[in-house]
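**Student:** with the input below, show me the fold.
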Amino acid sequence: MRVSFDLDEVLFVSPSTHKTEPELIFPFNKIFRERLRLGTPELVRTLHEMGYEVWVYTSSFRSERYIRGLFLCYGVIFDGVVNGTRHLKEVQQGHKETLPQKLPSRYRISLHIDDEAIVCTLGRQYGYNVFQLEAEDDEWKEKIIAHAESIRKRDFGDNEEEEGS
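**Tutor:** Predicted coordinates:
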């Protein structure tokens, strides 16, 4: 089963409003200025250990190389990255009507975590499960894991698909 995360205001947060992971050491802190929500590396590792594929799905145009490089500094590896460029190329291209800025179902993502109400509202219409992450919440990791587990049990029962879930 695949779980994806938005970046801005979900994994990347301001230290003035959220608890964050320690700042990267020099020179990485000059290259990667974003700060990670406290517990992000632990959550991604836990999801991997539980058998989930973990992706980033962002409407930002940060390069995949930049995103992967930043998270690698924290020991985090993602199974897939969809940024604004990839979304426009693979999802929007060829459609006359404007599609949503994110369409997790296109990438067989079972659960997407986002902070934007419109992304969450469009989930029902476009056939994807979404968890809306709100302001600072010390139990955010536990809530996401519980939500992912409830979807896995509902959609896959006790027999999680091994490959290509």
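
**Student:** from here on, just use CA atoms for contacts and neighbour counts.
**Tutor:** Fine.

**Student:** enumerate the positions of stretch 78-96 that are buried.
**Tutor:** F78, G80, V81, V82, N83, G84, T85, R86, H87, L88, V91, Q92 (16 or more other Cα atoms under 10 Å).

**Student:** next: stretch 98-105.
**Tutor:** Under the neighbour-count criterion of 16+ other Cα under 10 Å, stretch 98-105 has P100, Q101, K102, L103, P104 buried.

**Student:** start and end of it, how far apart?
**Tutor:** Using Cα to Cα, to the nearest Å, the end-to-end distance of stretch 98-105 comes to 16 Å.

**Student:** reformat the buried residues of stretch 98-105 as JSON lines; add pLDDT, distance to D8 and secondary structure.
**Tutor:** As requested, the buried residues of stretch 98-105 are exported to JSON lines (pLDDT from 0 to 100; distance: Cα to Cα, whole Å; DSSP: H, G, I helix; E, B strand; the rest coil):
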{"residue": "P100", "pLDDT": "80", "distance to D8": "17", "secondary structure": "coil"}
{"residue": "Q101", "pLDDT": "83", "distance to D8": "14", "secondary structure": "coil"}
{"residue": "K102", "pLDDT": "92", "distance to D8": "14", "secondary structure": "coil"}
{"residue": "L103", "pLDDT": "91", "distance to D8": "17", "secondary structure": "coil"}
{"residue": "P104", "pLDDT": "94", "distance to D8": "17", "secondary structure": "helix"}
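
**Student:** would you turn the residues you listed into CSV with distance to R62?
**Tutor:** Shown next, in CSV, are these (distance: Cα to Cα, whole Å):
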residue, distance to R62
P100, 19
Q101, 15
K102, 15
L103, 18
P104, 18
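
**Student:** of those, just say which sits nearest to I144.
**Tutor:** Among those, P104 lies closest to I144 (Cα to Cα), at 16.4 Å.

**Student:** hmm, the closest one is touching Y128, no?
**Tutor:** Yes - contact criterion Cα atoms under 8 Å: P104 and Y128 qualify, at 6.4 Å.
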